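# Build the 3D model from these lines:
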Amino acid sequence: MARRPGTRNIRFELYAEGLTNGTAWKVGLEFDYANPESLYCRILEDRTSQPFPDVALDERLGFLPPMSGLAPFEDRLVKDVLFRKIGEGRTSEVLRNLLWILSSEQPEKWEILKTDIERIFAAQLFKPVLSEPGGILSMEYQERGGKRQDLSSAGRGFQQMLLLLGFLYSGQNSILLLDEPDAHLEVLRQKEVYQFLSKSAAESGSQIIVATHSETVLDEAAQTGQVIAFVGKPHDLIKNTELKKALNMIGYTDYVQAERFGRIVYLEGSTDLALLRAFAELLGHPVRQQLDRLFVKYLSNNRPDDTYAHFFGLRDAFPKLRGWALYDRIDKRIGERPGIVETMWQRREFENYLKVPDILHRWAERQCRPEIAPFRPAREAMRTAIEKTIAPMRLEDPADPWWHDEKMSDNILGPVFSRYYRELGLPVAMNKGDYYQLVSFMEPGEVHAEVKTKLDMLFDFLNVDPQS
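Numbering: from 1, shown residues only. I've put the predicted structure just below:
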């Protein structure tokens, strides 16, 4: 009988050190698997060569996971039960209780919290109400110009911020472990919320330790805090001053991806990546499967100088980083910088390698369905659009250099599709981001050799060991 596959037990150690009331301490903990729901935890006094620091017990530690929704009502809880539920990650069941305690025992902090929420969310908070004899807590809020509503009707970001501030203001000298406090918040508000939490923690003598994937939060934390990357071996991203300066300009997401992939591809925009995928699919090129997992940087201005600023800024941190850049046609010498392979299209832009107008007629044939073209046949609408948009002399000579030099996306395809949909009395439904779909209407033999050459170059680049 075959044995069932098992998982190798992994024991890990965690060391913490701090300064409490002027006394330095250090403690080591060992964690070991017990069962699917629990771990063994042991103090490592022999490893630290120190007895357990009793002074560390004075630290007030709290873990706040993101809220997954708010319970429709809450029973009034005593403090011990309240904090036990928080420790169990059941934050959706305690928010009203936390704010009830704050408003009842520290009314001055409650007023500060109300002011903060009004400034951040333009909403007024009303004090939690305890119904007797049922012992049920209810709470309402009111957005500016709106009606009073139960707290359960508020957005997740609003509720999450109430939880964080309520816990922060309810005690001094706390250490808060925050799991993605930016969850449920739009990007523009993430920076503001992080700044606000940092300021509030400092004023209350507290410390916050944040786990996040938000580049906005990471960039902000680099200014005043410490950022640890858990890619490979955990390490401090900003010990080096020059590196910190570079990362503030480049962004931490780019840093992490550079470390993970060891190579970076520069394109003018996402439409170029979509076209590369479409042509690779059409040709059955082996690079196709690699195009879904790339570290890609889009440089919409098509300027090599911006490529260099970004690439060599990252290369200060990763000397073995390799780059590959594909530009639209430019009048500038390229390919002379170490570590980065540069190439450009000989035609005006990538879209100029689409076989126009043949594929437009083929595309229109596919659209000949009543639900798509209810007023006039699609093929007739496309014929009219092409004839009214492109000069006859261009249509008569497919070898005319104009087809290569004119900006295909903006000056040819854009006007043609605009006229096509106008002929049908429909809103435009084919924009620049959709032009890659036209590739499927070409035959492999119609693809220009330069496109295959670029795919070959990219394949070679992606299959060389970045550390070599």
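# helices and strands around the lengthiest strand in the chain, which ones?
Counting residues, the longest strand found in the chain (DSSP state E) is strand 23-35. Applying 3 or more C-beta pairs under 8 Å, 6 or more residues apart in numbering; DSSP states H and E, one finds that strand 23-35 contacts strand 12-20, strand 38-43, helix 45-48. Quick note: C-beta positions are derived from backbone N, CA and C, even for glycine.
# Could you export stretch 79-96 as PDB, CA atoms only?
Only the C-alpha atoms of stretch 79-96 are listed here, as PDB (Å, rounded to 0.1, in the frame of the first residue of the first chain):
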ATOM      1  CA  LYS A  79     -13.100  43.800  28.500                       C
ATOM      2  CA  ASP A  80     -11.500  40.300  28.900                       C
ATOM      3  CA  VAL A  81     -13.800  38.800  26.300                       C
ATOM      4  CA  LEU A  82     -13.400  41.800  24.000                       C
ATOM      5  CA  PHE A  83      -9.700  41.500  23.800                       C
ATOM      6  CA  ARG A  84      -9.800  37.700  23.600                       C
ATOM      7  CA  LYS A  85     -12.000  38.000  20.500                       C
ATOM      8  CA  ILE A  86      -9.600  40.600  19.000                       C
ATOM      9  CA  GLY A  87      -6.800  38.100  19.700                       C
ATOM     10  CA  GLU A  88      -8.800  35.400  17.800                       C
ATOM     11  CA  GLY A  89      -9.100  37.700  14.800                       C
ATOM     12  CA  ARG A  90     -12.800  38.200  15.300                       C
ATOM     13  CA  THR A  91     -12.600  41.900  14.800                       C
ATOM     14  CA  SER A  92     -16.000  42.100  13.100                       C
ATOM     15  CA  GLU A  93     -17.700  41.200  16.400                       C
ATOM     16  CA  VAL A  94     -16.100  43.800  18.600                       C
ATOM     17  CA  LEU A  95     -16.000  47.200  16.900                       C
ATOM     18  CA  ARG A  96     -19.000  48.700  18.600                       C
END
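# Quick one: classify residue 159 as helix, strand or coil.
At residue 159 the chain is in helix, as set by DSSP: H, G, I helix; E, B strand; the rest coil.
# List the contacts of it.
Applying C-beta atoms under 8 Å, 6 or more residues apart in numbering to residue 159 gives the contacts 67, 70, 95, 151, 184.
# Farthest pair within the residues you listed?
Largest separation among the contacts of residue 159 by C-beta to C-beta: 151 and 184, giving 14.6 Å.
# And these two? Which one has more around it.
More crowded of residue 151 and residue 184, by other C-beta atoms under 10 Å: residue 151, with 22 against 17.
# correct me, but the more buried one touches residue 137?
No: between residue 151 and residue 137 there is no contact under C-beta atoms under 8 Å: 9.8 Å.
# which residues are common contacts for those two?
residue 96.
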